[in-house]
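Colleague: Need coordinates for the following:
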Amino acid sequence: MSRVRVKICGIRDESTLQAAIEAGADAVGFVVAAPSSPRCIEIERAAELIALTPAFVTPVVVSRHPDPETIRELFAVATPAWLQTDRSDFASLALAPGWRPLPVLREPGDGAALQPGWHTVLCEGADSGKGELGDWGFAAELARIRAVVLAGGLRADNVLTAIRRVGPYAVDVSSGVESAPGIKDVAAIEAFVAAVRRAESEVG
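Modeller: Coordinates of the predicted model:
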């Protein structure tokens, strides 16, 4: 099969960013404007980490139902990246030049609201960051027509099955590589990326 890209989400500091990069992550996620999340960081901190992200690793800013003013603040201080939030949020958000949308779809009904420019979408469970599996059947159907980033409850021990069932463009992990909520485990990051690379070989 083609290469499955890996996104390590919920990064909060330089050491975790470096660990994700060294493990072979293709993308890294920074959570903002989500006070209830243990992975949330200030917009200025996200901007600093984006600036430290190498050119060939994709930075993704992650939020959920952010207000437009918060996102304007982000655009003012951070270099262009992807903005990940629920697909309904984009109706009230105007992306700054260079920024790209990564809409989150949580249930089959969300698929009916796809916009023509949404070539890449993220399929997630009902509640982000809680380790809940998404609807893999829905994700597999969507993967036939879009580049799907599969998220929700993925770990090193189930990502092979997920890749077999869905055929995603990329997989996204956060809680599945943590020793505690918001605390990334370097060994778990390495094991997850290695599991994805084995899956590519086995499924192919």
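
Colleague: now the helices for this protein?
Modeller: For the chain, the helices defined by DSSP state H occupy 14-23, 43-52, 68-77, 136-142, 159-166, 186-203.

Colleague: Just put the ones you listed in a markdown table and tack on mean pLDDT and distance to residue 176.
Modeller: Placement of C-beta: from N, CA and C, glycine included. Compiled in a markdown table, these are given as follows (pLDDT from 0 to 100; distance: least, Cβ to Cβ, whole Å):
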| stretch | mean pLDDT | distance to residue 176 |
| --- | --- | --- |
| helix 14-23 | 98 | 13 |
| helix 43-52 | 98 | 20 |
| helix 68-77 | 95 | 26 |
| helix 136-142 | 95 | 15 |
| helix 159-166 | 97 | 8 |
| helix 186-203 | 95 | 7 |
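
Colleague: Reformat those into a markdown table and put distance to residue 130 next to each item.
Modeller: Compiled in a markdown table, the helices of the chain are given as follows (distance: least, Cβ to Cβ, whole Å):
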| stretch | distance to residue 130 |
| --- | --- |
| helix 14-23 | 20 |
| helix 43-52 | 21 |
| helix 68-77 | 22 |
| helix 136-142 | 17 |
| helix 159-166 | 17 |
| helix 186-203 | 17 |
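
Colleague: Ok, which of the ones you listed comes nearest residue 3?
Modeller: Nearest of the helices of the chain to residue 3, taken as Cβ to Cβ: helix 186-203 at 6.3 Å.

Colleague: Any buried residues in the closest one, and which?
Modeller: 186, 188-193, 195-196, 199 (16 or more other Cβ atoms under 10 Å).
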